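**Q** no sequence on this one, just coordinates:
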């Protein structure tokens, strides 16, 4: 049995198609000895890049990863006695710049944080789907034997019954 839990954000299909097309154009350009072909090659890699995390249960370590086409890089760090995992509702800003203009778009996102030493946290996963967030949080909470906190409603934090969530898929609170 693999003792490493891996979660990686999925790349949307449109980004995958655009990224692979850009890499193909870049490789054709490099074969043709056009030095500017590096631009679509790098653009394609940036389109295919995704974030994630891995937790090694045997050595009690974790790492935040950047992944391109399944190849993951990241530095392993010690997981300091985790207390609980939190499912948290927030927003993510994406800034787009052109030569003369700039715009920032805000998107809702759900973040999973592992808390340790009372108030220190590690962001372990991000998603846009609430069901996916609770499934991942339940899996991590069970693997690390820690509690699960629903913090999706501002100033209304509730502990989730992990057993019912795992068995029935329903979010029932223990408070």
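**A** Sure, I can see it. Not measured: the values here are computed from a predicted model.

**Q** first vs last residue of stretch 90-107, how far apart are they?
**A** Taking C-alpha to C-alpha, to the nearest Å, the first and last residues of stretch 90-107 lie 9 Å apart.

**Q** can you list the residues that contact it?
**A** For stretch 90-107, contacts defined as C-beta atoms under 8 Å, 6 or more residues apart in numbering pick out 108, 109, 110, 111, 126, 128. C-beta: built from backbone N, CA, C; applies to glycine.

**Q** Looking at those, state which has the most neighbours.
**A** residue 110 (22 neighbours; other C-beta atoms under 10 Å).

**Q** List the beta-bridge partners for it.
**A** Beta bridges link residue 110 to residue 89, residue 127 when assigned by DSSP bridges.

**Q** shaky segments in this structure?
**A** 1-2, 175 (pLDDT under 70).

**Q** which one's the longest helix in it?
**A** Secondary structure of the chain per DSSP state H: the longest helix is helix 13-31.

**Q** Flag every buried residue along the very next helix or strand once past that helix.
**A** Downstream of helix 13-31, the first helix or strand assigned by DSSP states H and E is helix 38-48. By 16 or more other C-beta atoms under 10 Å, the buried positions in helix 38-48 come out as 40, 41, 43, 44, 47, 48.
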